[in-house]
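Undergrad: sequence first, predicted coordinates after that:
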Amino acid sequence: MAKTSGSQDEIQLINDHTDFGYWYNEMNSDDQFVRYMTEIYKKRHLNIYMNKQQNTKMNHHTRFNTQSSANRQQVTRQLPQLMDHLITFDHIQEIHCRHPHQNQISKTSITERATRSSPSSTPRRPLEERESENQSQRQIKTSRPHEITPSAPPQISTTVKPFHLPTAHLKRAVANNLPCFYIKFDNNITQRSIPPAMKVARWIRQTVQQQSSESIGDFSILIPVDTDRYKFGVTSKNDFLLLWHCKWPNEMDNIDVEIQQPRSLPDCCALVVRYALTDLSNEFVYREITKLISSASSYSKISYHRTRSTNDYRFCIADTNEYEEIFKIGRIAIGHLLLPITAFLPDLKLAYCSNCWMIGHTKPECKMNPRCRKCLDNWELNHHCQKPILCAQCEDPHLSTSIECSVVYNYRITLKDQVKRAINDGLISQPSINQKR
């Protein structure tokens, strides 16, 4: 019994010593204890509360959220020398709950002492406040004098009127009609003595079949021109080459005739040698092509608006077999290099008048008198151009159909866009490379 009463007295003594007021009165003047309690208050109460509030706004878990309450209860602190036993964080919370009034007073006094003894720290701002401030700084950002502000994309000149092209002009742009031949009769023959068109067509077919043992297809055109000529053409590349290689006689039914061929082969007979070195001369490239392709002709160097490190050369092939063979091989040796060969893609054709040299209409629709292509003066048979070159579109010193003209440039852009849109909509059909109509 004595032993039991002794233990109860010890428990009562410890309980008396654990009273918050007792420790407050004992340790009120101890700076080391004050700093210790301030550290516990900041690190175990304020920091946890602020971190929890910040983590809930950021919607992700931190190590404070994942830490269990059991681990918190196990965290202990060693008190200064005035206390002989350990005190836990839960024990301090229990003391605060017992004496709320004294707890509030102690907090106030401890905080005042901490502010006097330790330097002040900047309080943390909420996450929303910092984000709103950053957004306002981004919005209020002004341009610096040395910075280059992006400008709007260049627009088409307002002086140029927009073009609304008819469907006929769009079909003309993609059509690559084969050039026509002319058959000219003797000048002494009268118009009544000229053979009729059906007789001329039969004579052409018989002549071609006798020399090549092949017959040509339909004529695309066969009409009289002037008083002593006929103009005729075909629809396919093979028929055109038959007419091109034909050796025409000088007479037709005892009438002197002369066949006038086109100046050059059409685009369907053209190929392009790509990426030739600039060190190679044009004559050397032409000579190397002729060694490999005997029927090659009409050589020309392709000019581009921008400077290039290599050159491209266009040439035509009159022999169908050679054209197909070299096109299948796809390469040609020039200057110890294998250069690729591709088909020539013709550009879109502009609808311009060869009478007044204005774009947007053709010669049959023009009502003006013929004008010179260079100086735009009225054209006559003995006309000699002595004035400077003048553009019919903008009156600048360049040709009327030159790409340097702003009107022609905008017309080409509009034509390209409308042709692409018409092909996608099915209004017009663009023939393939070797299919010329």
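TA: Everything's here; your move.

Undergrad: tally of neighbours for R172?
TA: R172 is flanked by 18 other residues according to other C-beta atoms under 10 Å. C-beta here means a position set from N, CA and C on the backbone, and glycine is covered the same way.

Undergrad: for this structure, which spans come out with low pLDDT?
TA: 1-24, 26-29, 41, 44-47, 55-163, 191, 431-437 (pLDDT under 70).

Undergrad: host element of N424?
TA: If you go by DSSP states H and E, N424 is part of helix 406-425.

Undergrad: packing partners for that helix?
TA: helix 167-174 (3 or more C-beta pairs under 8 Å, 6 or more residues apart in numbering; DSSP states H and E).

Undergrad: D239 contacts S215, correct?
TA: No - using C-beta atoms under 8 Å, D239 and S215 do not qualify as a contacting pair, with a distance of 9.1 Å.

Undergrad: what about the strands in this protein?
TA: Along the chain, counting by DSSP state E, strands occupy 76-77, 87-88, 181-185, 219-225, 229-234, 257-260, 270-277, 296-301, 310-317, 331-333, 338-343.

Undergrad: out of the ones you listed, flag the one nearest A175.
TA: With C-beta to C-beta as the measure, strand 219-225 is the member of the strands of the chain nearest A175 (11.4 Å).

Undergrad: tell me which strands and helices the closest one is in contact with?
TA: Using 3+ C-beta pairs under 8 Å, 6+ apart, the elements in contact with strand 219-225 are helix 197-212, strand 229-234.

Undergrad: how far off helix 167-174 does the helix holding N424 point, in degrees?
TA: Between helix 406-425 and helix 167-174, the angle comes out at 90 degrees (axes from the mean of the first three to the mean of the last three C-alpha atoms, to 10 degrees).

Undergrad: which ones are touching the nearest residue to S297 once chain neighbours are set aside?
TA: Once flanking residues are discounted, S297 sits nearest to C316: 5.5 Å by C-beta to C-beta, 6 or more residues apart in numbering. Counting by C-beta atoms under 8 Å, 6 or more residues apart in numbering, C316 touches 264-265, 269-271, 296-298.

Undergrad: how does the chain divide into domains?
TA: Using automatic domain parsing, the domains assigned to the chain come out as 2-117, 181-260, 267-343.

Undergrad: where's Q261 relative to P179, distance?
TA: Per C-beta to C-beta, to the nearest Å, Q261 is found 9 Å from P179.

Undergrad: er, K387 actually
TA: Remark: distance between K387 and P179 (C-beta to C-beta) = 32 Å.

Undergrad: highest average neighbour count across the helices and strands packed on strand 219-225?
TA: strand 229-234 (a mean of 19; mean count of other C-beta atoms under 10 Å).

Undergrad: show me what it is packed up against.
TA: strand 181-185, helix 197-212, strand 219-225.

Undergrad: mind putting the ones you listed in JSON lines, distance to H305 included?
TA: Formatted as JSON lines, the helices and strands packed on strand 229-234 follow (distance: least, C-beta to C-beta, whole Å):
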{"stretch": "strand 181-185", "distance to H305": "35"}
{"stretch": "helix 197-212", "distance to H305": "42"}
{"stretch": "strand 219-225", "distance to H305": "34"}
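
Undergrad: right, and the ones you listed - which one's nearest C246?
TA: Closest among those, once you apply C-beta to C-beta, is helix 197-212, at 5.3 Å.
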